[in-house]
Structures are given as C-alpha cells and as structure tokens.
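J.: this one's structure only:
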C-alpha cells in the first residue's frame, strides 16, 4: 500500500524515520512508523506534505496492479470499478484525479 511506497522512497533518499518525521513537522518518528506499516491513514494534505518531504509527486504513492501489461487494460479495469461506485464516491474519485493532475 502507500506505507510501503513511503518506506521505499525514504530509504532511497537515505532518510531515517526520525528525519522524515522532522521534515513533516512531527515530534517523533512514531507517526512515520505507523504510516509505513499502514496503521495510520494518510489524508490528502499529508500526502502532499509527504511528496514534498520525499521529493516526489503525490501520484508516486498510488500503486497500480502489477499484473496489468497494457495501459488500455488498466483503463478498462478502473472504468468498470468506477462505473460500479455510487455517484458520491465517483465524484470523490474524480476530485482526487483532478488533485493529482495539478502537480
């Protein structure tokens, strides 16, 4: 999930959990530890802060299934899932896509 990607990126940069916590404005590394273990949800605001702290775009943290070989397959899979969502959740997805595109 997102926690794994955060940990991978932090390690790529050679940062400790404590250093990342400091960049995020946290008092201790415990929140970073919980985020990396997917025990703590990351809201949109914190995702932006994390992307800045880890020098990457917010979309870096969004995983796509590795079993999909062609982009058109992924588009169709997500279109089907999107079509099955209630309208309010679908609007939330569109808002999030708009947010990611503002990079």
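T.: Good, I have the coordinates. As the structure is a prediction and not an experimental result, all values here were calculated from the model.
J.: Now tell me which helix or strand of this structure has the poorest mean pLDDT.
T.: helix 71-83 (a mean of 77; mean pLDDT, DSSP states H and E).
J.: C-terminal to it, what's the next element?
T.: Downstream of helix 71-83, the first helix or strand assigned by DSSP states H and E is helix 87-101.
J.: okay, the angle between that following helix and helix 71-83?
T.: Going by axes from the mean of the first three to the mean of the last three Cα atoms, to 10 degrees, helix 87-101 is angled at 140 degrees with respect to helix 71-83.
J.: Contacts for helix 87-101, please.
T.: Applying Cβ atoms under 8 Å, 6 or more residues apart in numbering, the contact partners of helix 87-101 are 44, 57, 58, 59, 62, 82, 85. The C-beta positions use only the backbone N, C-alpha and C, and glycine is treated the same way.
J.: Look up the closest residue to the last one, ignoring the ones flanking it.
T.: By that I understand residue 85. Excluding the flanking residues, the one nearest residue 85 by Cβ to Cβ, 6 or more residues apart in numbering is residue 93, at 6.8 Å.
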